[in-house]
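Engineer: my questions are about this predicted structure, shown below with the sequence.
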Amino acid sequence: MNAKRKGTAGEHELVKLLQGYGIRAYRNDQIFKGGKGNPDVSAEIAGTPIHFEVKRVERLNVSEAVAQAERDAAQGHFPAVAHRRNREKWLLTVPLVPFLEILKEKGAFEPDPFLQDLIMEQAEQQ
């Protein structure tokens, strides 16, 4: 299977997996190759729009894939990379601090006020 067909098959597979969990997800028509606001797969989870870059490769440069998702995600969309190798399970890689910020906004936890300096330092690095 060539790389383009493998990528397209991976996108369809991810959409079916997300939909199996009751998540509205769809594969975007790739009218043009990549670009701002043109994820491989779009979904909304708990009110947060997700920009999925989908990678079906044996060797993935995770940092480059996350940078692509961050660069291409439309304003207000959370960047995520769903990836898997042949015959292995799907993995999800996301930028940690923005992920924690979303959970904090949803009331999942209360940050420790004594660690605000560390939180601010990490947020600035994002």
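Structural biologist: Alright, I've got the coordinates.

Engineer: quick check: buried residues in whichever strand or helix holds Q116?
Structural biologist: Following DSSP states H and E, one finds Q116 within helix 116-125. Judged by neighbour count using 16 or more other CB atoms under 10 Å, the buried positions of helix 116-125 are I119. (Glycine included, C-beta is placed from N, CA and C.)

Engineer: which strands or helices does the strand of greatest length in the chain pack on?
Structural biologist: Secondary structure of the chain per DSSP state E: the longest strand is strand 48-55. Using 3 or more CB pairs under 8 Å, 6 or more residues apart in numbering; DSSP states H and E, the elements in contact with strand 48-55 are helix 3-20, strand 41-45, helix 62-72, strand 78-83.

Engineer: ok now the helix holding Q116, how far from the chain's centre?
Structural biologist: Relative to its parent chain, helix 116-125 has a centroid offset of 22 Å by CA atoms, centre = their mean, to the nearest Å.

Engineer: restricting to C-alpha, output that helix in PDB.
Structural biologist: Provided in PDB are the C-alpha atoms of helix 116-125 (Å, rounded to 0.1, in the frame of the first residue of the first chain):
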ATOM      1  CA  GLN A 116       1.800  29.200  40.000                       C
ATOM      2  CA  ASP A 117       5.400  30.300  39.100                       C
ATOM      3  CA  LEU A 118       6.100  26.900  37.700                       C
ATOM      4  CA  ILE A 119       2.800  26.900  35.800                       C
ATOM      5  CA  MET A 120       3.500  30.300  34.300                       C
ATOM      6  CA  GLU A 121       7.000  29.300  33.300                       C
ATOM      7  CA  GLN A 122       5.800  26.200  31.500                       C
ATOM      8  CA  ALA A 123       3.000  28.100  29.800                       C
ATOM      9  CA  GLU A 124       5.500  30.700  28.400                       C
ATOM     10  CA  GLN A 125       7.500  27.800  26.900                       C
END
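
Engineer: cool, thanks, talk later.
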